[in-house]
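# Sequence plus predicted model, see below.
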Amino acid sequence: MLAETRRRLIWLSIFTVAMAQLEATVVVYLRELFYPEGFEFPLKIIRGSIAWIEIGREVSTVVMLVAVAKLAAPRDAWRQFAAFLWAFGLWDILYYFWLWVMLDWPASLLTTDVLFLIPAPWIGPCLAPMTIAAIMMGSGLVLESLRDRGRRVRVTRLEWALTIGGALALIGIFVLEAPAVIEGEMPGPFPWIWFLLVLAVPTAAAASAWRRSEREGDA
C-alpha cells in the first residue's frame, strides 16, 4: 500500500472514530429521554417532529461521509468511492462499539436494533449491518489496492445492476418488520438465510469486477 494511501486511510479512520462516538452519544441522549426503562421490543417508535429531526440527522450522517470521501481523493472518483466504503463501514462498526462502551449495549451481536429510518424503520440484529460494513471496508481496500497498482476499475452494467439490486433487496429485508414494530408489536425472527443469499449477489458482482480489473491491465 502506498504511503499516500495509508495516510488517507489513517485520517479517514480518525475522522470515523470521532464521528461514530458523536453519533453514539446522540443515541445515548435519545434513549435517556425516550426509553428510560430500557431499549427493548416491543418498542415505542419516536413520532412527530423528533422523528423528522432524526431522519435529518441520518441524512446528514451520509452527507458527511460522502463529503469527507470527496475531500480525501479529489482527483480520483474510484478512490473517493473506496474512501466512502471504508469510512461508512468503519463508522457502522464503531458506532456499536461506542454504544457498548457507554451503555453496555448491545448485549450481543444478535441483539435486535432499529438500524435506520429511511424509507421506514430498518429492523435487524446488530450483526447484520456489521457484516455488510465489513464487506464495504474490504471492498474499499481492494479498490485502493487496484488504484495503487495503476489498474483501471472495470465494472459491467450487469455487475452494477446486481450490486444495486442486491442493495435494494437488503433494504427490503430490513424493513419487512417495520409495520409490526410501528404498531408496537414484537418483530419476527430475522431471515438470516435470505439475508445471506441476497448479500452474496452484490458481493459476487464486486468479486467479478475485481477479477476483471486484475486481468485486463493498467489504466
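Cool, got the structure. Numbers count the residues shown, from 1 in each chain.
# could you pull out the helices for the chain?
3-34, 48-72, 77-103, 127-148, 157-174, 178-182, 192-215 (DSSP state H).
# got the contact list for the residue nearest to L2 when sequence neighbours are not counted?
Distances taken as Cβ to Cβ, 6 or more residues apart in numbering place D148 nearest to L2, at 4.9 Å, with adjacent residues excluded. No exception for glycine: its C-beta is placed from N, CA and C like everyone else's. D148 makes contacts with 1-2, 5, as judged by Cβ atoms under 8 Å, 6 or more residues apart in numbering.
# which of these are buried?
Using 16 or more other Cβ atoms under 10 Å as the burial test, the contacts of D148 include T5 as buried.
# any idea how far the residue nearest to E159 when sequence neighbours are not counted is from I135?
Leaving out its chain neighbours, the residue that sits closest to E159 by Cβ to Cβ, 6+ apart is A205, at 4.2 Å. A205 sits 12 Å away from I135, going by Cβ to Cβ, to the nearest Å.
# More neighbours: which of the two?
Set side by side, A205 and I135 show more neighbours around A205, with 21 against 16, by other Cβ atoms under 10 Å.
# Give me the neighbour count for T61.
19.
# how about the residue nearest to it when sequence neighbours are not counted, what does it touch?
Residue nearest to T61 in three dimensions, not counting chain neighbours: E23, with 6.6 Å by Cβ to Cβ, 6+ apart. Residues in contact with E23 (Cβ under 8 Å, 6+ apart) are 61, 91, 95, 98.
# State the number of residues packed around the residue nearest to the last one when sequence neighbours are not counted.
Distances taken as Cβ to Cβ, 6+ apart put A24 closest to W98, at 3.6 Å, once the chain neighbours are dropped. When neighbours are defined as other Cβ under 10 Å, A24 has 19 of them.
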